[in-house]
Every structure is written in C-alpha cells, then in structure tokens.
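In: no FASTA, just this:
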C-alpha cells in the first residue's frame, strides 16, 4: 500500500495516511512573522509502521510544501533537523533570525499553557 501525505494546516499536522489510517505525522506551526516559515516541532510514526521510510517521506513532503509556498522550514524537531543535515540539497538552512523567531514563538505558546 502507498502512503498519502495530507496537510491539515488548521490542526498544524502533516499526516501520513495509509488505507485511510493515519500512520504518522509532523506537528508544526506557521511562524507568525514574515517570512511565515513552517516550523517542524515533532515527527511521529506509529510503532507498527516504523522502519518503512515514513518519517523521511513526511519531512521531504514538508520541505516540498514550504518550497511551493516560498517560505523556509525551521526544523526544531530533532528528526527533521537530522534529516535536513543529511539532505542539504533538499533542505536549505533557514536564516538565523528566522530560527530565533520560531524558537521565541514556540516558547511563548508553551508559556500560555
């Protein structure tokens, strides 16, 4: 069976769906300030689906969405950051000020909880 990737922007999730079942996702948010980067916070693949390349497919798709929108990706998720380091041709490094803004927005959101 093939994996379909669906962007659920209102929920802040990029979903990996197989046969109607969500088998993984990236939790993310959109940076409030220009350039409105996509910020990957957490990548999850259900245990029974690990080892099939789903996480890599999620991150690759996430970068593709950002490229189509003309915005950078800030990979705060350790898996996404590791993937980006291994695929620099597909994962341009964001500007330092964009990374700082993403970290500040994430910290502010956590403080509101």
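Out: Looks like it came in fine. As the structure is a computational prediction, the values presented were derived from the model and not from experiment.
In: which intervals of the protein have sub-threshold pLDDT?
Out: Filtered on pLDDT under 70, the chain yields the residue ranges 1, 111-113.
In: Grab the longest strand from it for me.
Out: Longest among the strand segments of the chain by residue count, using DSSP state E, is strand 21-30.
In: Measure how buried residue 18 is and give me the count.
Out: 16 (other Cβ atoms under 10 Å). Bear in mind the C-beta positions are built from the backbone N, C-alpha and C, glycine included.
In: Could you measure from the spatially most central residue of the chain over to residue 94?
Out: By Cα atoms, centre = their mean, the mean C-alpha position of the chain lies nearest to residue 40, the distance being 3.5 Å. Residue 40 sits 11 Å away from residue 94, taking Cβ to Cβ, to the nearest Å as the criterion.
In: what sits in contact with each of these two?
Out: Residues touching both residue 40 and residue 94 by Cβ atoms under 8 Å, 6 or more residues apart in numbering: 73-74.
In: Regarding residue 42, what is its secondary structure?
Out: strand (DSSP: H, G, I helix; E, B strand; the rest coil).
In: So in terms of bridging, what pairs with it?
Out: Partner residues in beta bridges with residue 42: residue 27, with DSSP bridges as the criterion.
In: Now do the strands in the chain.
Out: Under the criterion DSSP E, the chain carries strands at the ranges 4-8, 13-18, 21-30, 38-45, 73-75.
In: buried sites along the fourth one?
Out: In this case it means strand 38-45. Within strand 38-45, the residues that qualify as buried are 38-41, 43-45, counting by 16 or more other Cβ atoms under 10 Å.
In: now the second one
Out: When neighbours are counted by 16+ other Cβ under 10 Å, the buried residues of strand 13-18 are found to be 13-16, 18.
In: so residue 90 makes contact with residue 62?
Out: No. If you go by Cβ atoms under 8 Å, residue 90 and residue 62 don't touch, sitting 10.5 Å apart.
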